[in-house]
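*Asks:* Just need the structure, nothing else, for what follows:
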Amino acid sequence: PISVKVTAWYTMFMTIIFVLVVAFAFKFSENFRMQAAAGALQKQVELAARRPDKFDEHEDDVYLSTYDHNATKLKGKLPSGFPQEAPLVPNKGVQKFRDNNKEYWYFDLPIIQPKGAPLIIRGVISVDKMNRKTDLFLLGLLLGLPIFIIVAALGGYKIIKHGFQPVRAISATAQDIGETNDLSQRIDIGPGHDEIHQMAASFNTMLAKVEDSVQREKRFSSDVS
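*Replies:* Purely as a prediction, here's the structure:
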């Protein structure tokens, strides 16, 4: 059936598109992951800088802490494995630190307070933790590929089968006319203005002309007799 053929082509096309998307995600996930980690780190540090007395110590996988101008930690939290004595580097952008096969990114932002000595807010994020989240997302995307293809194929087949229902009605009516020679039958597929309804209207006009021609031929034969 043509509905099966169209579904097969449609499913093949959707599979190719989805495979390309998954391949693209795997290829460029590292860059996206790093950009997301750096963006989340800077965002949380900048938000904490607006309220240095009321920020959360752990927000969106970012550990936050404050230091005075002597590099003495005042409050906050650091991830396990990140050295407490890591030097402050304000206004130097995102820095990287690796220890025991663990990688951390940190960002130091100075704050000039209206009253009191300036503070430095440090944000630290575990890149390995971000990598695990991204790997789980990619794994879910890969495992979801067969489910997506099956759902797309079944849904597409039902839609295409419903779309070709008028064509089946036209074919059944034409076959019935051929078997019974009843030219008074007409194709009825309901109201519509698309190409299939136009084709049905053309068939009905043709059937009306053929029926009229046959009737005139019968009357002529009768008159001659």
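
*Asks:* which SS class is the closest residue to Val4 other than its chain neighbours?
*Replies:* Of all residues not flanking Val4 in the chain, Tyr157 sits nearest, at 7.4 Å (CB to CB, 6 or more residues apart in numbering). For every residue, glycine as well, the C-beta is placed using N, CA and C. On the three-state scheme (DSSP: H, G, I helix; E, B strand; the rest coil), Tyr157 is labelled helix.

*Asks:* tell me the contacts of Tyr157?
*Replies:* 3-4, 7 (CB atoms under 8 Å, 6 or more residues apart in numbering).

*Asks:* How about Ile112?
*Replies:* If you count contacts by CB under 8 Å, 6+ apart, Ile112 has them with Pro118.

*Asks:* Can you give me the buried ones in stretch 136-146?
*Replies:* Buried residues in stretch 136-146, defined by neighbour count with 16 or more other CB atoms under 10 Å: Leu141.

*Asks:* If you could redo that for stretch 163-180, that was the one I meant.
*Replies:* Buried residues in stretch 163-180, defined by neighbour count with 16+ other CB under 10 Å: 164, 166, 169-170, 173, 177.

*Asks:* where's Tyr106, which helix or strand?
*Replies:* Using DSSP states H and E, Tyr106 sits in strand 102-111.

*Asks:* what mean pLDDT does that strand have?
*Replies:* Here strand 102-111 scores 86 as its mean pLDDT.
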